[in-house]
Structure formats: structure tokens, C-alpha cells
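Coordinates only, no sequence provided:
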């Protein structure tokens, strides 16, 4: 099983990034998928999640209207489009997969990627 994130980097406030997570070794289309982040010195934060079929995406309040989660089950890829980035979005971003159709916390995820660093700074 592998989840490999890419697309992170250093951008200025107000900029955009698109994160990708390539999945292999499991039936991606059967899993609820999420993006989770961890800022320096802070706990894990669920940023956004999407059902196995790609319906009803959910977002952390602080990213609503700025981030968009999507998935391509034919290509086994999860995406996170991040616009209007702020300094407080700086974190390592992980993708994670759960067999639970409504995972309620980070403990509910079966698979995790290694993370990609997102740094927002002028």
C-alpha cells in the first residue's frame, strides 16, 4: 500500500498550490479519503474529506471557500486545490484513506502518506 503526496512548496500569501496523492496497493475507489495537516508544534488537523464516490466533500471551517478536494478513481489520485493561501496554512499535508464511510478522527484512517511540506511566506 502506498500513498504518495506531491505538489507542496513555498508560495507567497495569496498564492495557490495543487496537491496530489497517488494511491496504489489497495482499492482506492472503496475508501473515504482526506487531507490532513500538521503545523509545527501543533496536532493533526483534518482539512478536507471526500466520500469514496466523490460526493459531499467536507472542509475545515478555516479553509472553506479557498480549498477544493477532488478525486479521480480511474487514476487513483486524490487532489487538493488550495487558493488564497495564508501563513496559517503552513504545515505538512498528508493524504489518508479510511474504510469507514464517515471517519470522525485521525484514528479512523487505515493508510497514510508520507506528507508534503506547504510553506506560505513572503
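Yes, it's here. Note that this is a predicted model, so its numbers are computed, not measured.

and residue 27, how many residues sit next to it?
In terms of burial, residue 27 registers 12 neighbours under the definition other CB atoms under 10 Å. No exception for glycine: its C-beta is placed from N, CA and C like everyone else's.

Contacts only, for it.
Applying CB atoms under 8 Å, 6 or more residues apart in numbering, one finds that residue 27 lies in contact with no residue.

Give me the distance between it and residue 79.
In this view, residue 27 and residue 79 are 19 Å apart by CB to CB, to the nearest Å.

And residue 29, its phi and psi?
In terms of degrees, to the nearest 10, the main-chain angles of residue 29 are phi -70, psi -10.

mind starting the numbering at 539 from now?
Sure thing, new numbering starts at 539, so read that last one as residue 567.

surely it meets residue 611?
Yes - A contact is recorded between residue 567 and residue 611 when judged using CB atoms under 8 Å, the distance being 4.1 Å.

Can you pull the residues that touch both of those two?
residue 590.

Need phi/psi at the residue minimising distance to the centre of the chain.
Nearest to the mean C-alpha position of the chain, counting by CA atoms, centre = their mean, stands residue 573 at 2.0 Å. Listed backbone geometry of residue 573 is phi -110, psi 130, with angles given as degrees, to the nearest 10.
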